[in-house]
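Student: What shape does this take:
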Amino acid sequence: MKLLIPRGMVILILMTMAASPVVADPVVAEQPSAGLPRSKDVPTKVEYYYRVKWGSLKHFISLYEKNHHPLLEEMRKAGFILHMKTEFPYTHLAGGPRWDMRVTITYRDAAAAINDPAWEKAWADSKARLYKDGDALNAEETMRFSLLDEHWDIVVSDFPE
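Tutor: Reported below is the predicted structural model:
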């Protein structure tokens with residue numbers, strides 16, 4: 001059984017996290033909250049899973065590295081992303097749980113992960129600067145996504161610590 005979380009649900013979960021302080025110790029709950037980080041101010045980690053059509057992984061990776069990864073690097077340089085890691089399974093998986101590529105991104109906060117207007121502006125500016133031919137970029141990104149069987153995102157937490 002696979003559980004896919006629609007983007008709208010991811011946004012709802014992140015917004016709930018941002019609005020609710022996470023408290024694991026009742027003693028901490030009784031202390032004044034001044035100086036404690038709120039959930040919206042802590043890094044937010046998202047895992048992006050890609051299940052690629054058989055025989056298309058190398059083509060998918062080449063398009064990802066050519067078009068998408070440089071934009072993510074720009075967001076890292078701008079401070080929206082703290083860390084990125086790309087992984088591939090060492091062994092093959094069964095059809096249902098199979099994924100071919102996982103990209104884990106740690107954003108500076110929940111806003112950077114889902115709805116920061118400054119991110120959108122920086123993304124658009126970087127896209128215009130890095131890719132002069134927008135039509136070619138859009139065609140290649142359409143091709144990249146056509147190589148997928150499935151794609152899903154999971155917000156993960158390092159709690160409890």
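
Student: contacting residues around the stretch of helix or strand Ala122 belongs to?
Tutor: Following DSSP states H and E, the helix or strand that holds Ala122 is helix 117-130. Helix 117-130 has contacts (C-beta atoms under 8 Å, 6 or more residues apart in numbering) with 70-71, 74-75, 78, 80, 111-112, 134, 137. For glycine as for every other residue, the C-beta is placed from the backbone atoms N, C-alpha and C.

Student: For stretch 46-53, what does the pLDDT average out to?
Tutor: For stretch 46-53, the mean pLDDT works out to 96.

Student: Repeat that for stretch 111-123.
Tutor: For stretch 111-123, the mean confidence score works out to 92.

Student: First-to-last residue distance for that stretch?
Tutor: Using C-alpha to C-alpha, to the nearest Å, the end-to-end distance of stretch 111-123 comes to 14 Å.

Student: Buried ones in the helix holding Ala122, by neighbour count?
Tutor: For helix 117-130, burial by neighbour count (16 or more other C-beta atoms under 10 Å) applies to 119, 122-123, 126.

Student: Where does Glu140 sit, in terms of helix or strand?
Tutor: Taking DSSP H and E as the definition, one finds Glu140 inside helix 134-146.

Student: what's that helix in contact with?
Tutor: If you take C-beta under 8 Å, 6+ apart as the criterion, helix 134-146 is touched by 60, 63-64, 66-68, 127-128, 131, 151.

Student: let's see it at 7 Å
Tutor: The list of residues contacting helix 134-146 from outside it, by C-beta atoms under 7 Å, 6 or more residues apart in numbering, reads 60, 63-64, 67, 131.

Student: got it, and stretch 63-79?
Tutor: Taking C-beta under 7 Å, 6+ apart as the criterion, the residues outside stretch 63-79 that touch it are 81, 84, 108, 119, 122-123, 126-127, 130, 137, 140-141, 143-144.

Student: Please spell out which residues along it are buried.
Tutor: So stretch 63-79, judged by 16+ other C-beta under 10 Å, has buried residues 63-64, 67, 71-72, 74-76, 78.

Student: can you redo those as CSV with pLDDT, secondary structure and distance to Val52?
Tutor: What follows is the buried residues of stretch 63-79, written out as CSV (pLDDT from 0 to 100; DSSP: H, G, I helix; E, B strand; the rest coil; distance: C-beta to C-beta, whole Å):
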residue, pLDDT, secondary structure, distance to Val52
Leu63, 98, helix, 11
Tyr64, 98, helix, 10
Asn67, 97, helix, 16
Leu71, 97, helix, 20
Leu72, 97, helix, 18
Glu74, 97, helix, 25
Met75, 97, helix, 23
Arg76, 98, helix, 24
Ala78, 96, coil, 29
